[in-house]
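> Based on what follows, work out the 3D shape:
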Amino acid sequence: MAKEVVYSPNAPEPIGPYSQAIKAGNMLFVSGQIAIQKPSGNLVTGNITEEAHQVMKNLSEILKASEMDFSHIAKTTIFLKDMNNFPKVNEVYGSYFKEMPPARETVEVSRLPKDVNVEISCIAVK
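Now for the predicted structure:
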């Protein structure tokens, strides 16, 4: 099975040696997204709700580049710097899934890239 790099000019550029997403067959593996705004490159970190919305917007742009949307997501992983932010992140996250939310795990980690508060990755299926 061939794999293909998926790139969205409307999502942040990777900050390391990885792709925004890889499509393999009917599956899309989206790298963890943080709250970097495109095209300014500014980070959203002052408010966890705004930060979570920016992360979801970045995921959405990458999904669109593969002609998918949130309804195609089968699995997500949420990384939080502080589990006390879980209720607010969970509320934002839940607003993007109207029916059949994906499988998910949420873990607290000691540090995230660029010292952000939340990072989310996903696997989507078309």
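
> so where's the longest helix in this protein?
Secondary structure of the chain per DSSP state H: the longest helix is helix 48-65.

> Identify the residues contacting that helix?
6-8, 10-12, 20-21, 28, 30, 33-38, 44-45, 69-70, 72-73, 85, 88-89, 91-93, 96, 116-120, 122, 124 (C-beta atoms under 8 Å, 6 or more residues apart in numbering). For glycine as for every other residue, the C-beta is placed from the backbone atoms N, C-alpha and C.

> The same query, at a cut-off of 7 Å, please.
6-8, 10-12, 20-21, 30, 33-35, 37, 44-45, 69-70, 72, 85, 88-89, 92-93, 96, 116-118, 120, 122, 124 (C-beta atoms under 7 Å, 6 or more residues apart in numbering).

> just the buried members of the residues you listed?
6, 8, 11-12, 20-21, 30, 33-35, 44-45, 70, 72, 85, 88-89, 92-93, 96, 116-118, 120, 122, 124 (16 or more other C-beta atoms under 10 Å).

> Just the ones of the residues you listed in strands?
Taking DSSP state E, the ones among these that sit in strands are 6, 21, 30, 33, 118, 120, 122, 124.

> What separation do you get for the nearest residue to Lys38 once chain neighbours are set aside and Glu108?
If the residues on either side of it in the chain are set aside, Lys38 comes closest to Pro12, at 5.3 Å by C-beta to C-beta, 6 or more residues apart in numbering. Distance of Pro12 to Glu108, given as C-beta to C-beta, to the nearest Å: 23 Å.
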